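J.: Sharing a model that was predicted from the sequence below.
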Amino acid sequence: MTVITDRPAAEPAESKRRLTRRRRRITHEGRAALLLISPTLLLLALVIAYPVVTALITSFRKDQSLQNGFFTRGGGFAGSSNYIHWLLQRCGTAACAPGTLGSEFWDAVTVTVLFTVITVALEMFLGTLMALVMQRSFKGRSLLRASVLVPWAIPTAVTAKLWYFMFAYDGIVNRLLGTHILWTDGQWASRFAVIVGDVWKTTPFVALLVLAGLQIIPTELYEAARVDGASAWQRFRYVTAPLVRPALLVATLFRILDVLRIYDLPAILTHGGGGTGHATTTLSILVIAQLEQGYGGASALSTITFLFIFAVAFLMVKLFNASVIRTQQSAVK
Amino acid sequence: MENRARRPLAAVAGALALALALAACGSSGDGGGSASKNESGRGPITYVQGKDNTGDVKNIIAKWNALHPDQKVTLKEQSDQADQQHDDLVQHFKAQDPSYDVVSVDVVWTPEFAAQGWVQPLAGKFAIDTAPLLKVAVDAATYQGKLYAAPMTSDGGMLYYRKDLVPKPPSTWSELLADCKIAQAHHMGCYAGQFAKYEGLTVNASEAINAAGGEIVKTDGKTADVDTPQAVKGLSFLADAYKNGDIPKEAITYQEEQGRQAFEAGKLLFLRNWSYVYNLAGTDGSSVVKSKFAVAPEPGPNGIGASTLGGHSLGMSVYSKHKATALDFMKFYESSDIQHELLIKESNAPVLKSLYTDPALLANPKLGYLKTLGESLASAKSRPVTPFYPGVTAAIEENAYAAIKGSKSVSQALKDMQAAINSATSG
């Protein structure tokens, strides 16, 4: 709004008048809008701003230390030492030794990103396929739609336990494959197990979002394409794909944000272990583990995780926002 | 259009709220001096412990309540997960909640609660008689020379073995490894304990290190002492046995239950586990070893090894308003009658020395493990007594796991363990 008022006076009078009218309308509508959303803003301030600010403050405080065998009350100002601890993996004056949580930070970042890239790519691909199948009309379609949703309806903790039993040494996976793989222990085997569990559970969610996107595409468009003599592939390429893109982008964003903070599946399926002992430790698992050892460090770590997720979300929105709108506008034309 | 574009932002907000909820737990300080308040307070109290699965604790409390109608005890049951119990206690202590009067404390939590000033030191008018109690259990409840909790139940590791296949239980590591050819001949695994990367591995690794004469943390509770030849010898026993297959490959994923199931299915010749397995392996429908197994003390390099102590103590909250009643209840819980009942009904290892030599109990077939357990506890060691236990156990788990899997040499693992423990206790 400030941009509008700062316009140079050299503008033609006509457009100036239009601008003032618009500004008046905005301020009037803005006031009403502000009034209407203020309860929500207040609630958001309570449930989001308060924890964020508290975590930020705590992250700059020292953890309790021992004095004559007893913990001191309150830790005092720590400067950036909690952040240095994680980002540079410093424990005191030395590098963090293997076996300290600090030594696992960059591994946890890598694991989290790895899970995000692989599972989201797989889920988008499989989810779109599933949606395309569910979109067709055939006998038993509603049964298929309902049964596809079952994995999504099962709580993650149960999913994790389910796959834990299937991936056990004597479990059905090894029996079927005739292998003797320690699925919950090997470095890549355990990561594979987590990816399988996550893809199994959340692909239906993606499929559902994409299906919703597919269903708003007017059938006339397909009819018109058919009249123009477009092949099945061309209909998909030039009608389905561009129009379902907004839904796909929203699903991708949802899933990326979800996997970046994944905790329960790897925690239950592999105890965050495997291979090096922390081959499936994600950032959230590390935060929970650190909570036992000191709130200052844990707050710093959760703030880092927060900024990381925020940055990814921001980038996603910035990169795809314009194109989301553009495709919708082209749909209107 | 605008609205649609904003929708992802709502998702961002949701994710952020979740990520940050973790950090919301602030900290608050104790004004101090709570330990000297309400010392002679009497009245109703609350006793907090994990799930009372068999209902025996409720019986014990009913007995107390019948005797003390004006000082009734209420049971508050927590989750059956140890770390959730710990977090629940910490939350209530931090809130200085007077409604948690007596709490059940895992042996490894006592130093932390004591160092935080949350549990009443049992000295002066709160002193309890520790002479009839197992020394190792008393040591584990002692911090900075003062007793901070009353030992309630104990536990020690034992060697379960197939008496139908092994004529005489091994008393040393080399005898045990020599018996592994029997396991090979029967196409079964030889030895397993709890080797998954969790608290059980800390127990197993410290048993191996202690048995070889090493220690993990010096008596100051801060300085690590694992970079020693003794510790190398101890941890090498597990690492070598895993490397040459005497410990089966899948045992690296075993916690207590998986090991028990493998043993009950006849897949293991030797199993290190706690006393609760004895009854289950003898009565479980699926057990194929019902009358084919027995227990022996854990072997070490030159004779009986060093079991790691498990169990719980009773701690009194410094914020309790009725401390005199709380103390009486703790003494009641430790009386020989109640200990007797807990042993028979719950198979809880008692902390009273006398029960391990009681002829009537030793003759009880359900308690066939009692004599062995007594022997095992006589040489038991407690895990590191330190207020920084979570960091210390994480350091042990990670490095012992790497050494057993062979991804690191034993001596390198112990060097790293040493450094990681020292870094965890320097806070």
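T.: Received, thanks.
J.: now residue B:135: how far from residue B:310?
T.: Distance, residue B:135 to residue B:310, using Cβ to Cβ, to the nearest Å: 16 Å. C-beta coordinates here come from the backbone N, C-alpha and C atoms, glycine included.
J.: Have a look at these two and say which one is more surrounded.
T.: Regarding residue B:135 and residue B:310, a neighbour count based on other Cβ atoms under 10 Å in any protein chain shown identifies residue B:310 as having more, with 23 against 13.
J.: bridging residues for that one?
T.: According to DSSP bridges, the partner residues bridging residue B:310 are residue B:155.
J.: which residues does it contact?
T.: By Cβ atoms under 8 Å, 6 or more residues apart in numbering or on different chains, the contact set of residue B:310 is B:107, B:154-156, B:203, B:274.
J.: closest to chain A among those?
T.: Top of the list for closeness to chain A, among the contacts of residue B:310 and by Cβ to the nearest Cβ, is residue B:203 at 15.8 Å.
J.: Run a quick check on the closest one versus residue B:157, I expect a contact.
T.: Yes. At 7.1 Å, residue B:203 counts as touching residue B:157 under the criterion of Cβ atoms under 8 Å.
J.: what is in contact with the two at once?
T.: Common neighbours of residue B:203 and residue B:157 (Cβ under 8 Å, 6+ apart) are residue B:308.
J.: So those two - more neighbours on which side?
T.: For residue B:203 against residue B:157, the residue with the higher neighbour count under other Cβ under 10 Å is residue B:157, and the figures read 26 against 23.
J.: Return the per-residue confidence for the more buried one.
T.: We note a pLDDT of 95 for residue B:157 in this prediction.
J.: The residue lying closest to it once chain neighbours are set aside: what's it in contact with?
T.: Taking Cβ to Cβ, 6 or more residues apart in numbering or on different chains, and ignoring the residues beside it in sequence, residue B:157 has residue B:307 as its nearest neighbour in space, at 4.5 Å. Counting by Cβ under 8 Å, 6+ apart, residue B:307 makes contact with B:156-158, B:207, B:297-298, B:376-377, B:379-381.
J.: Inside helices: which ones of these?
T.: Among the contacts of residue B:307, DSSP state H puts B:207, B:376-377 in helices.
J.: Three-state assignment for the residue in the stretch 101-250 of chain A positioned nearest to chain B, please.
T.: Here the residue of the stretch 101-250 of chain A nearest chain B is residue A:169; by Cβ to the nearest Cβ that distance is 3.9 Å. With DSSP: H, G, I helix; E, B strand; the rest coil as the basis, the three-state label of residue A:169 is coil.
J.: Next SSE downstream of the host helix or strand of residue B:324?
T.: Element membership for residue B:324, per DSSP states H and E: helix B:323-334. Under the assignment DSSP H and E, the closest C-terminal helix or strand after helix B:323-334 is helix B:336-346.
J.: name the helices or strands packed onto that next one?
T.: helix B:56-67, strand B:349-350, helix B:359-363 (3 or more Cβ pairs under 8 Å, 6 or more residues apart in numbering or on different chains; DSSP states H and E).
J.: what mean pLDDT does that helix have?
T.: Mean pLDDT, taken over the full extent of helix B:336-346, equals 91.
J.: buried sites along that helix?
T.: Neighbour-count burial for helix B:336-346, with 16 or more other Cβ atoms under 10 Å in any protein chain shown as criterion, is recorded at B:338-344, B:346.
J.: Can you name the residues that contact residue B:213?
T.: With Cβ under 8 Å, 6+ apart as the criterion, the residues that contact residue B:213 are B:230, B:233-234.
J.: between these, which is nearest residue A:257?
T.: residue B:234 (46.4 Å; Cβ to Cβ).
J.: what helix or strand is that closest one on?
T.: helix B:229-243.
J.: which outside residues touch that helix?
T.: Outside of helix B:229-243, the residues within contact range by Cβ under 8 Å, 6+ apart are B:173, B:177, B:190-191, B:193, B:195, B:204-205, B:208-216, B:225, B:247, B:249, B:251-252, B:301, B:400, B:403-406, B:410-411, B:413-414.
J.: next SSE after it?
T.: Sequence-wise, the next helix or strand downstream of helix B:229-243 (DSSP H and E) is helix B:256-264.
J.: Now the helix or strand following that following helix - C-alpha only, PDB.
T.: Stepping forward along the backbone from helix B:256-264, the first helix or strand reached (DSSP H and E) is strand B:268-273. Output for strand B:268-273, consisting of C-alpha atoms alone and laid out as PDB, is shown next (Å, rounded to 0.1, in the frame of the first residue of the first chain):
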ATOM      1  CA  LEU B 268      19.800 -69.900  20.900                       C
ATOM      2  CA  LEU B 269      22.000 -71.900  23.100                       C
ATOM      3  CA  PHE B 270      22.900 -69.100  25.500                       C
ATOM      4  CA  LEU B 271      21.000 -65.900  26.300                       C
ATOM      5  CA  ARG B 272      21.900 -63.100  28.600                       C
ATOM      6  CA  ASN B 273      18.600 -61.700  30.100                       C
END
